[in-house]
Each structure stands twice: as C-alpha cells, then as structure tokens.
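In: Kindly return the folded structure for what I paste below:
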Amino acid sequence: MNLPNLLTVLRIFFVPLLVAVLVQESLRVRIAGLLITNEFLALAIFLAAACTDLLDGYLARRWGQITTLGTLLDPIADKLLISAALISCVQVHLLPAWMTIIIVGREFAVTGLRSIAAAEGFTIKASELGKTKMVAQVAAVSLLLLSVHWPALRPVANWWLWGVVVFALVSAGDYFLKFWRLIDAGIKLRRRRELLLMERKAQKERRRRKRAAAAPWSIVSPFHGSGGRKTRP
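Out: Numbers count the residues shown, from 1 in each chain. You can find the predicted model right below:
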C-alpha cells in the first residue's frame, strides 16, 4: 500500500476516534499545563483528518500513484468523516437534526447515483461544486466546535451551515443532471444500435427471400447450349 492510500485509510480510522471524543462532554486533557476540552481535541482530530484528504490526492497525482483502491476509498472516507462529525454535533445539541439529514442524505444519494452510473458503464466525476462543498463543510464544523467556547462565532457558524446546505442541494442537482444526461445518451445510443441491428436482419431476410424466389429458375435448362431455344433437327 502506497502513502496516499495509507493516508486515506488513516482518515477512516480517525472517524470512530472523532465520535468518541466529541460525545464525551466531560473529557478533559491537560498537556503542558494547558487544559484541553473535548471540543478542542475533537477539532484537532477533525482538522488532521481533513488535511489527509488534501494530502493524499496531492501526493497521488504528484507521484503518479493514483490507484483503483484509492479512487474508491477516498470519497467513502470523506463521507464517513463529515457524516460522523455532523451526527455527533446533533448528539451534543450543536446542530439541528434536519440540516444533518439533508447533508448526509445528499451524500448517500450521490453515492447511489454513481453506483448506478458505474453499473451502466459511465463515470460521474466530482464537480467543482462538490469540491467547494467539502471545504465549506470542514469550515462549518470547525466554526461550530469553536463556538462552544466562543459564542460570538455561532452566527458565523450558522451562516456556514446554511451555505453547506445550499451547496449540498445545488451540487446534488448538478449530479442528477449529469446522471440523466448520461443515461439518456446511453439509451439513445442503445436504441440506435438496436434499430440498426433490426434493419440488418430485415435486409438479410429480404435477400434470403429473393434467393429463395429465384431458386427454381436457377436449374440448368436442357437447351442451355442453344441459348435456351429448342432447335429443329
């Protein structure tokens, strides 16, 4: 396993650690005389995991180590990280449940669309809206965790959350449009091939019938040597 794939797998292992730290509201860690609460520790884990998302893609492209495993695991790791963070925030009453349902539901819907498209032989690439959405999600969760100790950041966090919801819906619509265009083009191409195949079969059948109709006249005439006319003795 190369380093980019290892970073992707590490991001997946960060998920249960993030949930465990975030939901333990009484967790306190003292490092070098500095008291760190669970929110700051969860934020550190979350940002570290988000950094691996940027690093693994960069290294894979730079070193030419883009693999099928990494291509499959990277979006799964991203969705697990964001979904776990948002659901944990609902658990500790930092986030309305309906926002989380929209955002997480969008992730499952897009994953399902990509799976269906892949089964049809198509690949739906990540859009620019989807990439922007990921950045907005990281910023929103970070501000939400910081607002626990600095309430003045809560309005800013709420605005970012609304932005995440808008990005989620708009990017989902973009993916749906791409999906339907691909499927529509595939159906038209398949129908065109079927019509061509039917036409070829019809042409073969017409030629076969013509040959069958001409078959009785293909027998050699007994007057073949005289131009087909009976000669007088």
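In: Just name the shakiest helix or strand of the chain by mean pLDDT.
Out: strand 28-31 (a mean of 71; mean pLDDT, DSSP states H and E).
In: which strands and helices sit next to that strand?
Out: Contacts defined by 3 or more C-beta pairs under 8 Å, 6 or more residues apart in numbering; DSSP states H and E place strand 28-31 against strand 34-37. Every C-beta, even on glycine, is put in place using the N, C-alpha and C of the backbone.
In: For whatever helix or strand comes next after the strand it packs on, buried residues please.
Out: Per DSSP states H and E, the first helix or strand lying C-terminal to strand 34-37 is helix 38-62. Buried residues in helix 38-62, counted by 16 or more other C-beta atoms under 10 Å: 38-43, 45-46, 49-50, 52-53, 56-57, 59-60.
In: so, if you compare these, which one comes nearest to residue 141?
Out: Checking the buried residues of helix 38-62 against residue 141 by C-beta to C-beta gives residue 46 as the nearest, at 6.2 Å.
In: thought the closest one was touching residue 141?
Out: Yes. With contact defined as C-beta atoms under 8 Å, residue 46 counts as touching residue 141 (6.2 Å).
In: Now do the shared contacts for the two.
Out: residue 85 (C-beta atoms under 8 Å, 6 or more residues apart in numbering).
In: Name the surrounding residues that touch the helix or strand where residue 71 lies.
Out: Using DSSP H and E, residue 71 maps to helix 68-91. Helix 68-91 has contacts (C-beta under 8 Å, 6+ apart) with 1-2, 4-5, 8-9, 11-12, 14-16, 18-19, 22-23, 42, 46, 49-50, 53, 56-57, 60, 95-97, 99-100, 103-104, 107, 111, 126, 134, 137, 141, 144-145.
In: can you do 6 Å?
Out: Contact partners of helix 68-91, identified using C-beta atoms under 6 Å, 6 or more residues apart in numbering, comprise 4-5, 8, 11-12, 15, 18-19, 22-23, 46, 49, 53, 60, 95, 97, 100, 104, 107, 137, 141, 144.
In: And the residues you listed, which of them are buried?
Out: Counted by 16+ other C-beta under 10 Å, the contacts of helix 68-91 give 4-5, 8, 11-12, 15, 18-19, 22, 46, 49, 53, 60, 95, 100, 104, 107, 137, 141, 144 as buried.
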